[in-house]
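# give me the fold of what follows.
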Amino acid sequence: MNYIEVTFNITPYAEAVADALIAELSQIGYDGFSYTDQGFIAYIPVQDYQAEAIGQLEVYRFFTQEHRIETTVQEIEDQDWNKVWEENFTPIVVDNRILVRAGFHETIPGIEYEILIEPKMSFGTGHHATTALMLRTILEHKDQIRGKRVLDMGCGTGILSIMAAKVGAHDITGIDIDSWAYNNAMENIRDNHTDNITIKIGDAALLAQEQTFDIILANINRNILLNDMPHYTAKLSSDGLLIMSGFYLQDLPLIREKAESLGLVFKEYREEQKWVAASFHKN
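The predicted model follows:
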């Protein structure tokens, strides 16, 4: 089976822009990526390729306001996409306290928290600004999370679930609609010896079967958050905390309006490269 190779050149280059585009492209059929000095290369089966789909992405239109994004397209033969991805995965450090690395990377002495993530195609290696924001927010709320029951919606690689476990959460449930994410998350849970995490395949409809949670983490995207927030609120315990990311600073008023209409109280937000993580409290 042949693939379409689309090369993205981003000027001025920003890793967060590349990561955001990769995250969205992975939702429309692209199943292989490789970073370059000026952007990245994305791969999709020939039969799934639609030339106009890239320009219709919300993040693409947003970033082209401040960046020039040029694409070139060619047809190529099949490759080992997972090998391509692994070769371009680099470790990251968040606030000099959290190290996210693959098993083939060296550790860093003195790091407070270390998370092993095998770089399969699931979103959530820590490189994207929203993942780093969520990791930072979990760390800042670790006293509130310790001993509590946590839900991780759209868990991807399981990175946020693992971080919650490492700061002392008692019981964590991760939910993702992607079976590839499920398998990758299960592997990462084993590698990190965080056996108090349960991963399930599905969407917010699964929450009807769940008990309440003290902390809910949701790093998805604006539209899904707006649609599913009622489900989160219904399963958030009194005095619970909802932490959401995956949207831009310009979308915060809309997110806040929806949350407050459901009885949640806005606490704070953190911003990085125009991405936001916001926290809401349930009385």
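# C-alpha from now on. contacts and neighbour counts both.
Fine.
# which residues are in contact with Ile4?
Neighbour list for Ile4: Tyr43, Ile44, Pro45, Val46, Tyr49, Val73, Gln74, Glu75, Ile76 [criterion: CA atoms under 8 Å, 6 or more residues apart in numbering].
# and these, which of them are in helices?
The members of these all map outside helices under DSSP state H.
# quick check on those: which are buried?
Restricting those to buried positions leaves Tyr43, Ile44, Pro45, Tyr49, with burial counted as 16 or more other CA atoms under 10 Å.
# any chance of JSON lines for these, columns pLDDT?
Rendered in JSON lines, the data for the buried ones among the contacts of Ile4 read as follows (pLDDT from 0 to 100):
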{"residue": "Tyr43", "pLDDT": "88"}
{"residue": "Ile44", "pLDDT": "89"}
{"residue": "Pro45", "pLDDT": "89"}
{"residue": "Tyr49", "pLDDT": "95"}
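# in strands, which of those appear?
Counted as lying in strands by DSSP state E, out of the buried ones among the contacts of Ile4, are Tyr43, Ile44, Pro45.
# tally of neighbours for the closest residue to the second one other than its chain neighbours?
On the basis of CA to CA, 6 or more residues apart in numbering, the spatially nearest residue to Ile44 that is not a chain neighbour turns out to be Tyr30, at 4.4 Å. Tyr30 has 22 neighbouring residues, counting by other CA atoms under 10 Å.
# quick one: which of the ones in strands among the buried ones among the contacts of Ile4 is nearest Ala129?
Proximity of these to Ala129, judged by CA to CA, is greatest for Tyr43, which lies at 22.8 Å.
# circling back to that earlier point, which one of the contacts of Ile4 is nearest to Asn9?
Proximity to Asn9 was ranked across these by CA to CA; first place goes to Val73, at 11.8 Å.
# tell me the mean pLDDT for the helix or strand hosting Arg61?
Element membership for Arg61, per DSSP states H and E: helix 58-63. Mean pLDDT, helix 58-63: 92.
# rewinding a little: turn the contacts of Ile4 into JSON lines, columns for distance to Leu249.
Shown next, in JSON lines, are the contacts of Ile4 (distance: CA to CA, whole Å):
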{"residue": "Tyr43", "distance to Leu249": "30"}
{"residue": "Ile44", "distance to Leu249": "31"}
{"residue": "Pro45", "distance to Leu249": "34"}
{"residue": "Val46", "distance to Leu249": "36"}
{"residue": "Tyr49", "distance to Leu249": "31"}
{"residue": "Val73", "distance to Leu249": "32"}
{"residue": "Gln74", "distance to Leu249": "35"}
{"residue": "Glu75", "distance to Leu249": "37"}
{"residue": "Ile76", "distance to Leu249": "38"}
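# looking at those residues, spot the one nearest Thr7.
After measuring the contacts of Ile4 against Thr7 - CA to CA - the closest member comes out as Val73, at 6.5 Å.
# is it true that the closest one touches Asn9?
No - the pair formed by Val73 and Asn9 falls short of the contact definition of CA atoms under 8 Å, at 11.8 Å.
# low-confidence stretches in the stretch 1-150 of the chain?
79, 81-88, 119-127 (pLDDT under 70).
# what about stretch 103-110, how long is it end to end?
Start to finish, the residues bounding stretch 103-110 are 18 Å apart (CA to CA, to the nearest Å).
# ok, back up a step: for the helix holding Arg61, buried residues please.
Neighbour count says helix 58-63 has Val59, Tyr60, Phe63 buried, by 16+ other CA under 10 Å.
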